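K.L.:
Sequence and predicted structure are below.
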Amino acid sequence: MRYTPSGTAVARLGLAVNRKWKDSQTNEMKEEVTFVDVDAWGKQAEAISQYLKKGRPILIEGRLKLDQWEDKNTHQKQSKLKVVLESFTFLDSGATREGGGDFNSGGPSISRPPRPAPAAPPASSGGGAPEGEGMPPEEDDVPF
């Protein structure tokens, strides 16, 4: 975890997403692992830094953000897709913080009720990381 010059906590973590399935042609079990970079801000970053350890199961909700830059050596355009965390829940019983393991943008230990998926995907506002202490508005949510 690090802090911005204005004092906002930022945690960057790598999330491994495992997928197991049975190949219908060979009847063989297959496994695939996808690594996803996640940025957490504010109190959520502090809670993740304190309680999350390697291998601990976690449910993350957030929005996708595409970072783009030019490589300094090759001058090639580079890009990386990551998740900006909006809420999370520890999936084991190891979370002990004021009665629960839910940490949402509304504050610690407050669970946000599930939202129905929109009929059409919302238009992207193209925003970046939150500035200062504020979190992005609900309209930027990408359900997944």
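P.N.:
That came in fine, so what should we check first? Numbers count the residues shown, from 1 in each chain.

K.L.:
count of residues packed around residue 36?
P.N.:
Number of residues near residue 36 (other CB atoms under 10 Å) recorded here: 15. The C-beta positions use only the backbone N, C-alpha and C, and glycine is treated the same way.

K.L.:
what ranges do the helices span in this structure?
P.N.:
42-51 (DSSP state H).

K.L.:
Provide a list of residue ranges in it with pLDDT below threshold.
P.N.:
Counting by pLDDT under 70, the chain contains low-confidence ranges at 93-144.

K.L.:
which residues does residue 30 contact?
P.N.:
Residue 30 sits next to 20-23 when contact means CB atoms under 8 Å, 6 or more residues apart in numbering.

K.L.:
Check residue 80 too.
P.N.:
Counting by CB under 8 Å, 6+ apart, residue 80 touches 37, 66-67.

K.L.:
how much space is there between residue 1 and residue 19?
P.N.:
Distance, residue 1 to residue 19, by CB to CB, to the nearest Å: 29 Å.
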